[in-house]
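Asks: below are the sequence and a predicted model for it; my questions follow.
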Amino acid sequence: MDAMPDLPRQNRVPIFNMPGVVTASIAVLLGIHALREFILPDAWDIWALIHLALIPGRWSVAIDPSRIADLLTAASAAGDPEVMDARQAFARYIAAEPDASPWTFATYALLHGSWTHVIFNTVWLAAFGSPVARRYGAWRFGLLALVGAVAGGALHVVLDPLSTAPLIGASAGVSALMAAAARFVFQPPPAFTPAQPWHLAPRQRLQTIPELMRNRTAVVFLVIWLATNFLFGIIALPLGAEATAVAWDAHLGGFLVGFFLLPLIDRHPG
């Protein structure tokens, strides 16, 4: 005879229907941006940006000092005179004090250019990070986001090694979570008839790539994601103090890692 298990008493309804790790992640991103906007003096905020953002040119000349001349030449590219002067001054600063700063491949994801930027990322984090966190727990959720951020930053450095524009934003990590969620959220729920009301449905398996390509909803999502990232890569968006092009390559790096890393994590369900 089956015995009714002692289910936990539901004393209250959570305000946010999100896993705790997702709520905490959003709170950290919003809190850091609020700290920079309302509390930190400008000098401290600039220090944080220089030492925590990912700057491809700084990494490139630290690894290969012979590229300093190329860095200075790239900073002299035609453009607005004031912007060009600032870019050249910053390039000279990097050339004088080259530093690989490997931690910036992760810390850049904690900084954002504006409230629009951070809110945009947290909305997508809530939407696609929540199913990943529910399925895999906090540690694997964090691993996917971290590896996605690192991979996105690395691809950005590879494709634009002489850039002196600081890369900031959690978009690469969020893209990894979006790709991971796409592997299982667009399939119909498995057929399941519970023997008892409290029995839970079995966890859905990941779709293989051929199965995903036959899933019309998943394909539409992937096409829209790729198209919007391509468009955002060639137009300017007001994500910072001034209009700037979105780092589509960082998004792509994070997305690819989330898409292909997830099956390795899924093999060891916890």
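Replies: Sure thing, it's come through. Numbering: from 1, shown residues only.

Asks: switch to C-alpha atoms for all contacts and neighbour counts from now on
Replies: Noted.

Asks: how about the helices of this protein, start to end?
Replies: 20-34, 42-52, 56-63, 68-75, 81-96, 104-107, 115-124, 130-159, 171-182, 209-213, 216-234, 248-266 (DSSP state H).

Asks: and Gly254, what is it in contact with?
Replies: Gly254 is in contact with 147-152, 172-176, counting by CA atoms under 8 Å, 6 or more residues apart in numbering.

Asks: and those, which is closest to Leu212?
Replies: Ala176 (16.7 Å; CA to CA).

Asks: mind listing what that closest one touches?
Replies: 144-145, 148-149, 254-259 are the contacts of Ala176 under CA under 8 Å, 6+ apart.

Asks: from Leu71, how far off is Arg87?
Replies: As judged by CA to CA, to the nearest Å, Arg87 and Leu71 stand 10 Å apart.

Asks: repeat for Ile55
Replies: If you go by CA to CA, the gap between Ile55 and Leu71 works out to 12 Å.

Asks: overlap of the contact sets of the two?
Replies: Ser163.

Asks: more neighbours, those two?
Replies: Ile55 (29 against 24; other CA atoms under 10 Å).

Asks: pLDDT below threshold where in the stretch 101-250 of the chain?
Replies: 188-203, 232-246 (pLDDT under 70).

Asks: do that again at 80, thanks
Replies: 187-205, 229-247 (pLDDT under 80).

Asks: in space, not sequence, find me the middle residue of this structure.
Replies: Gly173 (2.2 Å; CA atoms, centre = their mean).

Asks: so that residue touches Ala109, yeah?
Replies: Yes - taking contacts as CA atoms under 8 Å, Gly173 lies within contact range of Ala109: 7.5 Å.

Asks: shared neighbours of these two, which are they?
Replies: Ala149.

Asks: before we move on, the earlier item: most packed of the helices of the chain?
Replies: helix 171-182 (a mean of 29; mean count of other CA atoms under 10 Å).

Asks: pull that helix out as PDB, backbone CA atoms only.
Replies: Provided in PDB are the C-alpha atoms of helix 171-182 (Å, rounded to 0.1, in the frame of the first residue of the first chain):
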ATOM      1  CA  SER A 171      25.200  39.000 -22.700                       C
ATOM      2  CA  ALA A 172      27.600  36.200 -23.500                       C
ATOM      3  CA  GLY A 173      26.800  34.300 -20.300                       C
ATOM      4  CA  VAL A 174      23.000  34.900 -20.900                       C
ATOM      5  CA  SER A 175      23.500  33.600 -24.500                       C
ATOM      6  CA  ALA A 176      25.000  30.400 -23.200                       C
ATOM      7  CA  LEU A 177      21.900  29.900 -20.900                       C
ATOM      8  CA  MET A 178      19.600  30.700 -23.900                       C
ATOM      9  CA  ALA A 179      21.300  28.100 -26.000                       C
ATOM     10  CA  ALA A 180      21.200  25.500 -23.200                       C
ATOM     11  CA  ALA A 181      17.500  26.100 -22.600                       C
ATOM     12  CA  ALA A 182      16.800  25.800 -26.400                       C
END
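
Asks: that one to helix 216-234, inter-axis angle?
Replies: Per axes from the mean of the first three to the mean of the last three CA atoms, to 10 degrees, the angle that helix 171-182 makes with helix 216-234 is 170 degrees.

Asks: tell me what angle helix 171-182 forms with helix 115-124.
Replies: Using the same axes, to 10 degrees: helix 171-182 against helix 115-124 is 20 degrees.

Asks: chain center to helix 171-182: distance?
Replies: In terms of CA atoms, centre = their mean, to the nearest Å, the centre of helix 171-182 is found 7 Å from the chain centre.

Asks: one more: stretch 46-60?
Replies: The answer for stretch 46-60 is 17 Å, by CA atoms, centre = their mean.

Asks: residues in contact with it?
Replies: Here stretch 46-60 makes contact (CA under 8 Å, 6+ apart) with 67, 71, 91, 94-95, 98-101, 103-105, 107-109, 111, 153, 156-157, 160-168.
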